[in-house]
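Engineer: Pasting a predicted model and its sequence here:
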Number of protein chains: 2
Amino acid sequence: MADPAEPSIAPPVADSVAEGSETVSKNELKKRAKQLEKEKKAAEKAAKQAELAKQREAADVDDAVKFYGKLPLNQSQTRTNRPRAQIGDFSPALDGQTVLFRARVNTSRAQGNKMVFLNLRQRTDSVQALLSVSPGKVSKQMAKWAAGLAIESIVLVEGVIQKSPEPIKSASVSDVEVIISQIHLISGLETTLPFTVEDANRPEKEIETSEQQLNRVLLDTRLSNRVVDLRTQTNQAVFKIQAAIGDLFREYLSSQGFVEIHSPKLQGAATESGATVFKVNYFKGEAFLAQSPQLAKQMAIAADFERVYEIGPVFRAENANTHRHMTEFIGLDLEMAVEEHYHEVLELLDSLFKFIFTGLKSKYKKEIEVVGKCFDAEEFTWLDETLRLNFADAVELLVGDGVPREDLDDINTENEKRLGRIVKAKYKTDYFIIDKFPLALRPFYTMPDAVDPTLSNSYDFFMRGEEILSGAQRIHDPTFLEKRMREVGIDPQSMKGYLDAFKLGCAPHGGGGIGLERVVMLFLKLNNIRRASLFPRDPKRLEP
Amino acid sequence: MADPAEPSIAPPVADSVAEGSETVSKNELKKRAKQLEKEKKAAEKAAKQAELAKQREAADVDDAVKFYGKLPLNQSQTRTNRPRAQIGDFSPALDGQTVLFRARVNTSRAQGNKMVFLNLRQRTDSVQALLSVSPGKVSKQMAKWAAGLAIESIVLVEGVIQKSPEPIKSASVSDVEVIISQIHLISGLETTLPFTVEDANRPEKEIETSEQQLNRVLLDTRLSNRVVDLRTQTNQAVFKIQAAIGDLFREYLSSQGFVEIHSPKLQGAATESGATVFKVNYFKGEAFLAQSPQLAKQMAIAADFERVYEIGPVFRAENANTHRHMTEFIGLDLEMAVEEHYHEVLELLDSLFKFIFTGLKSKYKKEIEVVGKCFDAEEFTWLDETLRLNFADAVELLVGDGVPREDLDDINTENEKRLGRIVKAKYKTDYFIIDKFPLALRPFYTMPDAVDPTLSNSYDFFMRGEEILSGAQRIHDPTFLEKRMREVGIDPQSMKGYLDAFKLGCAPHGGGGIGLERVVMLFLKLNNIRRASLFPRDPKRLEP
C-alpha cells in the first residue's frame, strides 16, 4: 500500500491548462474549473488522511515507546534482581510464562511491516522470537526498530513462551517460540561484521551441495576475527569440550593421588634444546621460555611430591607451519614415582585416556553432536583393552603395508597416519600405544631398556594416527644421566640445577606430556590445531 | 669389644729377652722359655679365635646378604606387582603385619653395633623403624650397612608393624614402629646435603628457645637448594594447600556455570603497560609476555563465553624486590557477563573466597596444622557476612587512626597493613572488601561510577591486610573505551584487536584477578611469597 502523503498524489493537470490556452472556449473553461475544484478537494482529502495517519503513528510511538529502544550505557545504575532466563531451559512446559533474557540477534526477518521474526542466540542454544504489531502493545514503529537491529546486537527481551504448532528447524529449542512484549538494545554493532555467525557455522558439506551461492569463511579470516568466529555454536561446543578434557584429566589424577603443581615458564638457561627456545629480555640479562615442565616436574619428584601434574603453556620456537604445530600450546603434563616398572606409568596414562574418552562421550554428547554437524567425522572409537604395539611391531605393520624398511628408522608424520589407517582397519580402534622406541629417537633423559641398549623405556600414544602423548621412564641416576648428556653433546655444567636434584637422591620415575589442543582436534576431527585453540599462536600469528 | 684380629694381640716380649742377655741364669732361661711357650699358646689360641670370628662373620654375610644392599639401577627389569604400603596408613590395627614400602631416611641413629633406629619419611608422614641384629635374620654387617646410610637416601624396606609401647614423638605415626627384616638402597646421595630436612623443618621458635646451638636455614639457601627444602613436611603441606586452592576455585566456579579457558601468553603488542612487560625474540620480530589474561578474557566475553576463568602464569617485569612480588606468578582470573550491576561479580567473588576458606579449613586441617608448627599464626578468620567498606570509609578509618588525610589519595602497602590491623581489632576479621576506588587509581578499562565520575565500579579484596584480588566492572562500550584510552595517553590504534571486540557487540561484564601465591602466603602467614611458589622467580632469581 502506497503512502498517501507522497507527492505523486497531486495530479499533473495545471501544465496542460497553459498549453494552447488561446484556442479554449468558455464552456471548456468552466468544465476545467469544475474538474480542478474536484481535484483540489481530492488532494485536500488525501492531505487530511496523511495528517491523520501521522497522528496515529505519533500515538503509536507514545504507546510502545517504553517497550523498545536503546538502553543507556550500563554503569550499574540500578539493580532489581529480577531473574534472567536461559534459552536452553525453554520448553513447552513453560507455555504462557513470561521470561526476561539477554541474547544475541542471530538472524532477523521482517514479514511485511507488522511482523518480525528474530532468531535469538545464547551460546549453543537458540530460539525463535516473534514481534507482531498489536494495538496498545507493539507499535509499527517498534516492529520497524526491531527489524532494523543489526545481526549480532545484544538485546534484552521480555516475552511469553508459547508452544510451537510445528517444529522450528532453525532454532535449537524447536518446540516453543517467544512472543516478544519488550525488546531493548544492550549493545549494538559499531562496525561491519566480517562475516555472519550463520555463515561461520555452516557445514562445508552444505556449502558444497547447496544450489545457492553460500559464503564460505576461510580459517585465516576466522582467526583474524576470532571474537565473531568463537560465537558459533560449533566453537562454543569445541571450547566446552576443551575445558572438559582438563576437568577430566584433573579428576582422574586427583583420584590417583596426584597433586597439581605450577612450574616457572621463565628459565635461566636454554635447557632442553637450544634451537627451539624463545629468548626473553630479563632486566639486564636474559631468560628463556620453558619448552615443557619436564625438568621442573622431575625436580618435584626428587623433592618427594611422588605424583604431580601440571596444566600450563608450553613454548616452542619451531618455525613449523603445519596443521598440528603452534608456538604456544597447553601441556597436560604428569610425572610419577615408579615402584618397579615404567609400565605402571604407561598403564595409568592409558586408564586416564579411557577415563577422558568415556567422560566426554557420556557427559558431552550434546556438544559432540553440535561439532559433528560442522565437522563430519566417524565417531571416535577405542578398545576396552588398549592395543599396545612395540615400535618394532609398528615397523612390521608398515613394511607389510608396503613402506620400505629403510624409511622406518623413525616413523614420520605421513607413516604415522598410514599406521593409524592400518590399525583402524585391522583392530577397529582410533586409539593405541607404541612402546619401546629406539633410544636414539628420544631425549637424553630417557631410560634405556634393561636388556637391549638400543631400545628405551618410552612410549607414544596415538589418536586417529597422530601422536598426542610422548612419555618415558627417566634416568634418575646422576652419574648415568651425566654420561648420557655427554653422549648427546650437552655440557652437564649447563644443567647443573637439574643434575643436582638427582645427586640428592631421587626415586625411579616416569611420566608424559599431552598436547591439549591435539586431543581436542583429534577427538572432534577438526583437522587443524588452530581450531582447538582460543587465540592460536604460530610463527605468523600473534594476534588477536 | 676389641677386634681379636688386631695386631695388639701379639705381646711385646721378645725385645725384653734381648736386653742384657749376658746376665741371665739357666733357671731364668727355662722360666722364660716356659713363659714364651705359654704366651705362644695364648697367641695361637687368640689367632684361632680370630679365625673363627672371621668365619662366623663370613657366615653372617652369607646369611643376610640378600636382606640388604644397593639395588641395581631400576631400568624396569622386573615386575612383581607386590603392593607397596603408605606410612600414613600404618596403625596399631596392622600389628604383626608385614609391609613393603619406599621411603627416605629422615634421621638415623645407631645404638651400639646391634641396633639402628631409622626415622623413615614419606611426604608429611614418618615412622620409626628398628633394625636389630638377630641370628639368621639381621647380621651385624647388615646393621653396620644400614647405620651408614646417608640421610635422605631412598630405601626399600620390608618389615613388620609393631605396636609401640609408648608414643614415638619424633614420628608423625607415633603409635607403631616397623621392625625391619630387609632394607635396600634405591637411590643414594652423590653430593653433600646443603642442609638437613630436619634443620629445614625446624620452627624458628624452637631455634630461639633451645639451649643447643641449632642450625637455622636461611630463605635464600633454601631457595637455592629448593629440591631439599621442598621435602620438609611443612613444604609438602604448603603445596598441597596451594593445589587445594586451585581445586576449590575451579569447583566453585564450575558450579556457577563458568568454563575454563587458556589464553596465549605470547602477545603481539605490549598491551597493558609497556613499562612492566617482558620482551621476547619471536623469530625475526618480537613478542611480549602477557601481564594478565585481562584482554583475552574480556574478548571471551565478547565471544559469548558468558563466564570464564583461567589459571595460568602472569609475567611482570617489575624490578621490585619485596616480600610479595615475583616476576612470574599464578593468576586465578575470572570474568563474567553482568545482567544489571557489577555487585553480581563482587558477590560471586566473595562467595568464592568463603568457599575456598571453608574448604581449606574442613578438608586440609592436617596440612594447616603441619604448617602452623613452623609458621606460627593466629588462625585465619572471616565473617559470615563479609565486611564491605567503600574506599572513602577505609580512608576515614585510617584518618581516625592518625594517618594524615593528605597521604590517602591512594592507600599504600604500609597503610593497607595498618587498615588490616584496624579492621581486625574493630570487626574481628582477616578478610574484607574495599569497593568504589577512585577512578584515577584504576586501569583505563575500568567503568566509572554512574553518578560520581571520580569514582569507579571497582574493588579490592584483602587478607590479613594485604591485597589478594583486584577487580572491576569493565567498559564494554567501544566509543567510551577509546575516549578513556586517549584520556590516559594510550593510542587506541595500538590495541585495535581489543577495541574491535567491543565494536562487534559485548555484554556488560566484570571480573577479577587473584594472586594464587598471595592467598597461600596470607592464609598460612608464610611472610614471604617465595615460600608459596615451587620455584620462585624474581629480578635476581631464575634458578633452579
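Structural biologist: Received, thanks.

Engineer: Let me know the next secondary structure element after the longest strand anywhere in chain A.
Structural biologist: In chain A, ranked by residue count with DSSP state E as the criterion, the top strand is strand A:98-111. Proceeding N to C from strand A:98-111, the next assigned helix or strand is strand A:115-122, under DSSP states H and E.

Engineer: tell me what that following strand is packed against?
Structural biologist: strand A:98-111, strand A:125-132, helix A:140-147 (3 or more C-beta pairs under 8 Å, 6 or more residues apart in numbering or on different chains; DSSP states H and E). Just so you know, the C-beta spots here come from the backbone N, C-alpha and C atoms, and that holds for glycine as well.

Engineer: Following the chain past the last one, name the next helix or strand.
Structural biologist: To tie it back to what came earlier, the one meant is helix A:140-147. By DSSP H and E, the next helix or strand past helix A:140-147 is strand A:154-163.

Engineer: circling back: pull up the pairing partners for the longest strand of chain A, direction included.
Structural biologist: strand A:115-122 (antiparallel), strand A:154-163 (antiparallel) (DSSP bridges).

Engineer: out of the helices and strands packed on strand A:115-122, nearest to B:Ala425?
Structural biologist: strand A:98-111 (44.1 Å; C-beta to C-beta).

Engineer: and the closest one, how far out from the chain's middle?
Structural biologist: 22 Å (C-alpha atoms, centre = their mean, to the nearest Å).

Engineer: can you check stretch A:335-350 too?
Structural biologist: Worked out by C-alpha atoms, centre = their mean, stretch A:335-350 lies 34 Å from the chain centre.

Engineer: What residues sit buried inside it?
Structural biologist: A:335-346, A:348-350 (16 or more other C-beta atoms under 10 Å in any protein chain shown).

Engineer: Please apply the same query to stretch A:286-301.
Structural biologist: Neighbour count says stretch A:286-301 has A:287-301 buried, by 16+ other C-beta under 10 Å.

Engineer: if you look at that stretch, does any of it touch chain B?
Structural biologist: Yes: judged by C-beta under 8 Å from any C-beta of the partner chain, stretch A:286-301 comes into contact with chain B through A:Ala287, A:Leu289, A:Ala296, A:Met299, A:Ala300.

Engineer: Return the residues in contact with A:Lys363.
Structural biologist: Going by C-beta atoms under 8 Å, 6 or more residues apart in numbering or on different chains, A:Lys363 touches A:Ala244.

Engineer: how about a cut-off of 10 Å?
Structural biologist: A:Ala244, A:Asp247, A:Leu248 (C-beta atoms under 10 Å, 6 or more residues apart in numbering or on different chains).

Engineer: cool, and A:Lys428?
Structural biologist: Contacts of A:Lys428 (C-beta under 10 Å, 6+ apart): A:Thr381, A:Trp382, A:Leu383, A:Leu387.

Engineer: among these, which ones are buried?
Structural biologist: The buried subset of those (16+ other C-beta under 10 Å) comprises A:Trp382, A:Leu387.

Engineer: Could I get the contacts of A:Lys428 in JSON lines, plus columns for secondary structure?
Structural biologist: What follows is the contacts of A:Lys428, written out as JSON lines (DSSP: H, G, I helix; E, B strand; the rest coil):
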{"residue": "A:Thr381", "secondary structure": "coil"}
{"residue": "A:Trp382", "secondary structure": "coil"}
{"residue": "A:Leu383", "secondary structure": "coil"}
{"residue": "A:Leu387", "secondary structure": "strand"}
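
Engineer: Mind putting the contacts of A:Lys428 into a markdown table with distance to B:Phe461?
Structural biologist: As requested, those are exported to a markdown table (distance: C-beta to C-beta, whole Å):
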| residue | distance to B:Phe461 |
| --- | --- |
| A:Thr381 | 48 |
| A:Trp382 | 45 |
| A:Leu383 | 50 |
| A:Leu387 | 51 |
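
Engineer: Show me which of the contacts of A:Lys428 is closest to chain B.
Structural biologist: Nearest to chain B among the contacts of A:Lys428 is A:Leu387, at 20.3 Å by C-beta to the nearest C-beta.

Engineer: Once you drop chain neighbours, what's closest to the closest one?
Structural biologist: Once flanking residues are discounted, A:Leu387 sits nearest to A:Phe432: 4.0 Å by C-beta to C-beta, 6 or more residues apart in numbering or on different chains.

Engineer: How about A:Glu340?
Structural biologist: With C-beta to C-beta, 6+ apart as the criterion, A:Glu340 has its nearest non-adjacent residue at 5.0 Å, and that residue is B:Arg79.

Engineer: Give the full set of residues in contact with the one you found.
Structural biologist: A:Glu339, A:Glu340, A:His341, A:Tyr342, A:His343, A:Glu344.

Engineer: Kindly state the domain boundaries assigned to chain A.
Structural biologist: Under the assignment automatic domain parsing, the domains of chain A span A:67-187, A:197-229, A:233-532.

Engineer: touching chain B at all, the second one?
Structural biologist: Yes: among the residues of domain A:197-229, A:Val197, A:Ser224, A:Asn225, A:Arg226, A:Val227, A:Val228, A:Asp229 lie within reach of chain B under C-beta under 10 Å from any C-beta of the partner chain.

Engineer: Now, of those, which are buried?
Structural biologist: A:Val197, A:Asn225, A:Arg226, A:Val227, A:Val228, A:Asp229.

Engineer: Is stretch A:467-479 in proximity to chain B?
Structural biologist: Yes: Stretch A:467-479 reaches chain B (C-beta under 10 Å from any C-beta) through A:Gln473, A:Ile475, A:His476, A:Asp477, A:Pro478, A:Thr479.

Engineer: now the end-to-end length of that stretch.
Structural biologist: 32 Å (C-alpha to C-alpha, to the nearest Å).

Engineer: ok, and for that stretch, which residues are buried?
Structural biologist: For stretch A:467-479, a neighbour-count test (16+ other C-beta under 10 Å) marks A:Glu467, A:Ile468, A:Leu469, A:Ser470, A:Gly471, A:Ala472, A:Gln473, A:Arg474, A:Ile475, A:His476, A:Asp477, A:Pro478 as buried.

Engineer: Please enumerate the helices of the stretch 151-300 of chain A.
Structural biologist: A:197-200, A:204-209, A:219-224, A:226-229, A:233-255, A:294-302 (DSSP state H, counting those that start in this stretch).

Engineer: Pipe these into CSV and attach mean pLDDT per row.
Structural biologist: Below are the helices of the stretch 151-300 of chain A laid out as CSV (pLDDT from 0 to 100):
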stretch, mean pLDDT
helix A:197-200, 91
helix A:204-209, 85
helix A:219-224, 94
helix A:226-229, 95
helix A:233-255, 97
helix A:294-302, 95
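
Engineer: what about these, which gets the closest to A:Leu29?
Structural biologist: helix A:197-200 (65.7 Å).

Engineer: quick one on the thing from earlier: can you say which of the domains of chain A is packed in most?
Structural biologist: Each of the domains of chain A was scored by mean neighbour count; the highest is domain A:233-532, a mean of 19, by mean count of other C-beta atoms under 10 Å in any protein chain shown.
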